[in-house]
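# predicted model and sequence follow; I will ask about them next.
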Amino acid sequence: MTVELGAAATTPDDIRRIAAGEAVVLASAALDRVRASRIVVERVLASGESVYGLTTRLGSGRDERIDPEDLLAFQRQVVANHDGGVGELLPDDAVRAIIAARLAVLLNGGAGVREELVHAVAALLDDPPAVRRLGSVGAADLTHLAALLAALGEQGFVLAPHEAAAFLSANAATIGLAALAVGEVRETVASADAIVALSLQALGAHGPAGSLTPYSAVVQAATGRSGATASAERIRNAIAGSFLDDPDRIVSVQDPLSLRTAPQIHGAVSDIADRIDDELGIELGSRPENPVVDGDRMLSGGNFSAVGLAIVIESARLGLAHLAAASERRTALLSSELRTFRSAGRTTLAGLSWYAAADALAELRQIAAPVSLGATVLSGVEDVASFAPAALRLLERSLELTRSVLAVEALHAAELLALAEQPPRLSAESASLYGDVTALRERPAADAVAAASVLLTRLQR
């Protein structure tokens with residue numbers, strides 16, 4: 001499969017496909033835009049106008065002119081000064097996502113770089129360079145993008161005037177990594193739906209729990225929320241054909257809220273994922289460079305600010321905390337049903353694995369607080385920042401913790417099902433999940449939860 005960039009609007013899914021290894025083709029019309037914008041830069045350079053990052057220095061040196069003889073050396077200086085990323089190396093798929101995001105935005109024609117640079121960046125997809133995770137405050141991902149330019153420099157590529165500052169002036173790392181995180185958010189929600197179905201069957205096998213009306217299309221249509229409707233449908237499908245469908249089964253009037261509001265909670269997280277993708281689509285279609293090439297002009301601005309994206313990323317952490325809180329409460333329900341079996345020495349799962357879920361939830365609640373408001377003054381002119389990358393890193397941690405909480409619930413549901421007096425008729429989907437999870441119950445708690453977390457991730461792929 002091949003992804004063509006620049007012919008139509010680039011989507012977050014395009015970035016995810018490229019990150020996964022699909023080949024890239026650059027549309028000829030987009031390359032025409034790149035060439036046209038470079039002509040503007042060359043004209044402005046020849047005119048002697050004062051333009052930020054082209055004929056002047058950066059940041060607090062914005063009004064200091066660069067000697068024309070020093071323009072090429074200035075490009076190297078800019079890269080060296082900004083190549084300050086620290087921390088762990090990003091995996092190859094993440095670096096490909098960053099490269100893809102920067103390519104997509106370069107092709108919008110606002111940067112004023114040469115076509116040669118665009119092709120050189122595209123070639124990095126075949127052998128992603130080393131990029132460190134930490135360094136961006138969300139006012140353009142300077143350190144991440146400087147690492148890409150540094151890699152090009154090591155290959156002998158020489159930057160032309162303006163190209164260093166223009167290339168760095170974008171949020172490609174935040175865009176690329178957020179696109180991957182959105183995929184994980186959706187996988188986590190789908191896993192949560194499957195686990196709710198398993199828990200309903202586990203509780204229903206030991207009592208009158210398992211009312212199915214909250215997941216009906218009729219109930220969901222009463223609000224019309226798309227995420228909740230889709231979640232309820234996944235839960236219905238995951239239960240279909242199980243003993244819970246039996247018309248003569250004795251069932252309680254209604255279950256606790258952690259069960260019957262699962263579609264609303266999970267759906268809210270799905271809706272947030274959609275909003276992140278909407279923001280990413282806006283970013284991918286933008287011209288964030290400063291200055292931006294527009295027509296025959298170069299204009300200073302602040303389109304590289306990623307506050308809108310940061311805010312929806314922050315929302316996702318809050319949504320996941322709600323999702324995990326409901327899961328931990330369902331684990332409490334399951335653990336309560338297991339108490340008699342535990343006292344009789346018939347259980348194999350460590351009972352205090354529930355405590356691990358509560359511990360993870362405490363951290364989830366803590367890191368749901370906003371980080372994007374923590375701006376610090378970095379220079380006299382760079383006095384606010386979105387901190388979108390920090391918000392994104394916390395989202396990645398939230399996903400990890402949420403998967404652990406869900407894994408604990410799945411293990412408790414499998415344990416309770418295994419102890420049913422008569423093996424209940426499970427739905428086909430839940431039977432498969434039960435078989436995979438129940439095999440983990442006798443492992444030490446740490447191994448069981450870790451393995452179940454991986455299993456739930458793969459379940460939706």
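Arrived safely, thanks for sending.
# can you list the buried residues in stretch 235-248?
Ile235, Arg236, Asn237, Ala238, Ile239, Ser242, Phe243, Leu244 (16 or more other Cβ atoms under 10 Å). Every residue, glycine included, has its C-beta placed from N, CA and C.
# export the residues you listed as TSV, with columns for secondary structure, distance to Arg403 and pLDDT.
Formatted as TSV, these follow (DSSP: H, G, I helix; E, B strand; the rest coil; distance: Cβ to Cβ, whole Å; pLDDT from 0 to 100):
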residue	secondary structure	distance to Arg403	pLDDT
Ile235	helix	18	97
Arg236	helix	23	96
Asn237	helix	22	96
Ala238	helix	18	96
Ile239	helix	22	96
Ser242	coil	25	96
Phe243	helix	28	95
Leu244	helix	26	96
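# now the element after the helix or strand hosting Ala73, going C-ward?
Element membership for Ala73 (DSSP states H and E) is helix 71-82. Downstream of helix 71-82, the first helix or strand assigned by DSSP H and E is strand 86-89.
# so what's the gap between the longest helix anywhere in the chain and the chain middle?
Using DSSP state H, we find that the single longest helix of the chain is helix 307-343. Centroid separation for helix 307-343 versus its chain: 19 Å, with Cα atoms, centre = their mean, to the nearest Å.
# where in the stretch 351-461 of the chain is pLDDT low?
Scanning the stretch 351-461 of the chain for pLDDT under 70 picks out the ranges 375-380, 459-461.
# ok, back up a step: what is the longest helix of the chain packed up against?
helix 172-204, helix 257-260, helix 262-284, helix 353-367, helix 388-418 (3 or more Cβ pairs under 8 Å, 6 or more residues apart in numbering; DSSP states H and E).
# keeping just the C-alphas, turn stretch 201-216 into CSV.
This file holds the C-alpha atoms of stretch 201-216, laid out as CSV (Å, rounded to 0.1, in the frame of the first residue of the first chain):
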residue,chain,number,x,y,z
GLN,A,201,-21.5,-12.7,32.1
ALA,A,202,-19.3,-13.4,35.1
LEU,A,203,-21.7,-11.6,37.5
GLY,A,204,-24.8,-13.0,35.8
ALA,A,205,-23.4,-16.5,36.3
HIS,A,206,-23.6,-16.1,40.1
GLY,A,207,-26.8,-14.1,40.5
PRO,A,208,-29.4,-11.9,38.9
ALA,A,209,-26.9,-9.3,37.5
GLY,A,210,-26.6,-8.7,33.8
SER,A,211,-29.5,-6.5,32.7
LEU,A,212,-29.1,-5.8,29.0
THR,A,213,-31.4,-2.9,28.6
PRO,A,214,-28.7,-0.2,29.2
TYR,A,215,-27.0,-1.4,26.0
SER,A,216,-30.1,-1.4,23.8
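# so what touches that stretch?
With Cβ atoms under 8 Å, 6 or more residues apart in numbering as the test, stretch 201-216 has contacts from 200, 219, 232-233, 235-236, 239, 242-245, 249-255, 259-263, 333-334, 337, 412-414, 416-417, 420, 424, 426-427, 430.
# got the contact list for the residue nearest to Ala360 when sequence neighbours are not counted?
With Cβ to Cβ, 6 or more residues apart in numbering as the criterion, Ala360 has its nearest non-adjacent residue at 4.4 Å, and that residue is Leu401. The contact partners of Leu401, by Cβ under 8 Å, 6+ apart, come to Ala324, Ala360, Leu361, Glu363, Leu364.
# farthest pair within those?
The two members of the contacts of Leu401 with the most space between them (Cβ to Cβ) are Ala324 and Glu363, at 9.8 Å.
# what does stretch 312-325 contact?
Contact with stretch 312-325 is made by 178, 181, 185, 188-189, 192, 265-266, 268-269, 272-273, 275-276, 279, 357, 360-361, 364-365, 367-368, 370-372, 388, 391-392, 394-395, 398-399, 401-402, 405-406, as judged by Cβ under 8 Å, 6+ apart.
# among the helices and strands of the chain, which has the poorest mean pLDDT?
Lowest by mean pLDDT, DSSP states H and E among the helices and strands of the chain is helix 445-459, with a mean of 83.
# buried set for that one?
Those would be Ala445, Ala448, Val449, Ala450, Ala451, Ala452, Ser453, Leu455, Leu456, Thr457, Leu459, for helix 445-459 by 16+ other Cβ under 10 Å.
# do the same with stretch 255-273
255, 258-273.
# with stretch 360-371 instead?
Applying 16+ other Cβ under 10 Å to stretch 360-371 flags Ala360, Leu361, Glu363, Leu364, Ile367, Ala368, Val371 as buried.
# per-domain residue ranges of the chain.
With domains defined by automatic domain parsing, the chain comprises 2-170, 184-459.
# state the mean pLDDT of the first one.
In this case it means domain 2-170. Across domain 2-170, the average pLDDT comes to 93.
# for it, what is the distance to the chain centroid?
In terms of Cα atoms, centre = their mean, the centre of domain 2-170 is set 22 Å apart from its chain centre.
# now do that domain: distance from first to last residue.
One end of domain 2-170 to the other measures 25 Å (Cα to Cα, to the nearest Å).
# skipping adjacent residues, who's closest to Trp185 in space?
Small correction: residue 185 is Val, not Trp. Nearest residue to Val185, sequence neighbours excluded (Cβ to Cβ, 6+ apart): Ala273, at 4.6 Å.
# now do the contacts for that neighbour.
When contacts are counted by Cβ under 8 Å, 6+ apart, Ala273 touches Val182, Val185, Arg186, Val189, Ala316.
# make a markdown table from these and add distance to Leu125 to it.
Shown next, in a markdown table, are those (distance: Cβ to Cβ, whole Å):
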| residue | distance to Leu125 |
| --- | --- |
| Val182 | 20 |
| Val185 | 25 |
| Arg186 | 24 |
| Val189 | 30 |
| Ala316 | 27 |
